[in-house]
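> The following comprises the amino acid sequence and a computationally predicted model.
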Amino acid sequence: MRMQLLEIGSETEQLSACKLSLLLGVFTANNQVESFLNLARKILGADEAVFAFHNEPYIWYASNQQFKAFTPLVDTNLSAYFSDQVFVDVQHPQYPHLVQHISQFGVKAERYIAFDLRLLDGRSVGQILFFDKKQQSFDVNSASIVVDCADNLMRHIELKVDYVELKELHEQQVALNYSKTKFFQIIAHDLRAPFHGLLGFSEVLVQERDTLDDASVQSISEYLYDTTQSTYNLLESLLNWAMAEGGRFIYHPINFELKQSSKIVCSVLNSLAIKKDIRLIDQIEDDLKVYADINMITSVIQNLVSNALKFTPTDGKGQVIISARHTDAGVQIAVQDNGLGMSQAQIGQLFKESLSASIKGTAGEKGTGLGLMLCKRFIELNHGDIVVVSNEGEGTTFTVTLPVATSNHQALTPEQAPAELASI
């Protein structure tokens, strides 16, 4: 059996899996694998060589005539034959076993010498094998020079890997910074707009109070209250999001009944539901418990219900339902509406910081999507999951999955309690 050599190019099927080989430019004009093998062959006086990285699908073959790849039919990892040595030649006790192994590659020769490619921490990442039909053994001094060259190649690879990782991190940070800049531009715009109204109507009350009737004053007062409330909610969500992103939220999970959270949410938002002529229905059972941070989960449910009310019609047929059930994955909480729904493109933009201003609600409400990002962060902190299903014109359902209660008691265990409490 002989090696079946392959032509390798940028479109070769498995080339993308050869990460270290690609770093060394195996199919480019700057092919450092070929250059290294040609140099080492000259030092050793060898006619042929193969170069293999562990867990890569191709082995690289070099001779005076060609540089090609082949796919081995057996394991190419030769690490077991080296023991504490960096190369194996005819004097090494494992040499006969090494020769027997590599004969299965389709390599047939009279003499062989193999080198282990090791990183600074001693880990082996591959091997190089030199061979030909000559009778005399490889020179030990020449082998020592190749060892030094191989070490330099390994340092070069480590620097390349570090560079690629740093480059990827830099590109990710640049993209993140751009997204955050865009995000805060939207936040600033959405804060500035209501303040224009607040300042304008406040000026009217200050300078033209005597010319206004009671109905006008009442109308302006209601506008000022609604705008102030929505702006405050935006600022509060922004603060909570910033605290969550900065790791300043303290996660205090307890076993609690979900009904506690849903009752709070319904009491807070029921007036808004009545104002929009929407039925707000709480179907969560009294004894259904989860293991989570009650404040975070209440905030999540409130945000989801508030969004549902925002996009549900005011024609008297709208309804928002809060429900929950046990599943194999945990406790699933669903907030379902029969409102405007979303397109797949809109769903794809949810929970992202690179957001644009959200569409207006059924009563002209505005938002930024910040609440949904905060929901996702809180759910992640509670080791849960959040998904959304929606169809345009048919409504939306947000489903949150949380860990089930660990016991029937509604209290912190000593392991989860804050340090100052645990020390008492």
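That came through fine.

> What's the local residue count around residue 15?
Residues lying near residue 15 (other CB atoms under 10 Å) number 19. (C-beta placed from N, C-alpha, C; glycine too.)

> Look up phi and psi at it.
phi -60, psi -30 (degrees, to the nearest 10).

> what's the answer for the one 3 residues further on, then?
Recorded main-chain torsions at residue 18 are phi -90, psi 70, according to degrees, to the nearest 10.

> for the stretch 151-300 of the chain, what spans make up the strands?
254-257, 279-282, 289-292 (DSSP state E, counting those that start in this stretch).

> deepest of the ones you listed, which one?
strand 289-292 (a mean of 25; mean count of other CB atoms under 10 Å).

> pLDDT averaged over that one, what's the number?
Average pLDDT, strand 289-292: 93.

> Could you tell me how far that strand lies from the centre of the chain?
Its chain's C-alpha centre and that of strand 289-292 lie 26 Å apart, by CA atoms, centre = their mean, to the nearest Å.

> Run through who's touching it.
The contact list for strand 289-292, computed with CB atoms under 8 Å, 6 or more residues apart in numbering, reads 253-258, 297, 330-331, 382, 384, 402-406, 408, 410.

> Are any of the residues you listed buried, and if so which?
253-258, 297, 330-331, 382, 384, 402-403, 405 (16 or more other CB atoms under 10 Å).

> For stretch 375-386, buried residues please.
Result for stretch 375-386 [16+ other CB under 10 Å]: buried residues 375-379, 381-382, 384, 386.

> which helix in the chain runs the most residues?
In the chain, taking DSSP state H as the definition, the longest helix is helix 140-208.

> For residue 63, find the nearest of the strands of the stretch 151-300 of the chain.
Closest to residue 63 of the strands of the stretch 151-300 of the chain, according to CB to CB: strand 289-292, at 64.7 Å.

> what about dumping the CA coordinates of the closest one to PDB?
Output of strand 289-292 as PDB, limited to C-alpha atoms (Å, rounded to 0.1, in the frame of the first residue of the first chain):
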ATOM      1  CA  LYS A 289     -42.800  26.800  43.200                       C
ATOM      2  CA  VAL A 290     -39.500  27.600  41.600                       C
ATOM      3  CA  TYR A 291     -36.000  28.100  42.800                       C
ATOM      4  CA  ALA A 292     -34.900  31.600  41.700                       C
END
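
> Quick check: the nearest residue to residue 146 once chain neighbours are set aside vs residue 71, distance?
Computed as CB to CB, 6 or more residues apart in numbering, the closest residue to residue 146 that is not its neighbour in sequence is residue 40, at 4.9 Å. According to CB to CB, to the nearest Å, residue 40 and residue 71 sit 23 Å apart.

> one step back: need the max-distance pair from the buried ones among the contacts of strand 289-292.
Pairwise across the buried ones among the contacts of strand 289-292, and taking CB to CB, the largest span is found between 257 and 384, at 16.8 Å.

> Could I get the contacting residues of residue 372?
By CB under 8 Å, 6+ apart, the neighbours of residue 372 are 303, 307, 350-351.

> Residue 338 is in contact with residue 397, correct?
No - here residue 397 does not reach residue 338: they are 10.0 Å apart, not a contact under CB atoms under 8 Å.

> what's the offset of stretch 390-397 from the middle of its chain?
Between the centre of stretch 390-397 and the centre of its chain there are 27 Å (CA atoms, centre = their mean).

> Please report the number of neighbouring residues for residue 116.
Based on other CB under 10 Å, the number of other residues close to residue 116 is 20.

> so it makes contact with residue 127?
Yes - if you go by CB under 8 Å, residue 116 and residue 127 touch, sitting 5.7 Å apart.

> about what we covered before: let me know the closest of the buried residues of stretch 375-386 to residue 275.
Distances from residue 275 to those, taken by CB to CB, are shortest for residue 375, at 23.4 Å.

> and the closest one, what pLDDT?
At residue 375, pLDDT is 86.

> give the contact list for the residue nearest to it when sequence neighbours are not counted.
With CB to CB, 6+ apart as the criterion, residue 375 has its nearest non-adjacent residue at 4.7 Å, and that residue is residue 300. Neighbouring residues of residue 300 by CB under 8 Å, 6+ apart: 375, 378-379, 386, 400.

> so what are the domain limits for the protein?
Listed domain ranges for the chain are 5-170, 252-422 (source: automatic domain parsing).

> any low-confidence regions in the protein?
Flagging of the chain using pLDDT under 70 yields the residue ranges 1-13, 73, 175-176, 178-191, 193, 230, 233-234, 237-249, 352-370, 407-424.

> what residue lies at the spatial centre of it?
Closest to where the C-alpha atoms of the chain average out (CA atoms, centre = their mean) is residue 172, at 11.3 Å.

> coming back round to it: what's the overlap in contacts for residue 116 and residue 127?
Shared contacts of residue 116 and residue 127, counting by CB under 8 Å, 6+ apart, come down to 78-79.

> Show me where the stretch 1-150 of the chain has its strands.
With DSSP E, counting those that start in this stretch as the criterion, the stretch 1-150 of the chain has strands spanning 5-6, 48-53, 59-62, 67-70, 87-88, 111-118, 124-132.

> roughly how far is the third one from the heart of the chain?
Pointing back at strand 59-62 there. Counting by CA atoms, centre = their mean, strand 59-62 comes out at 36 Å from the chain centroid.
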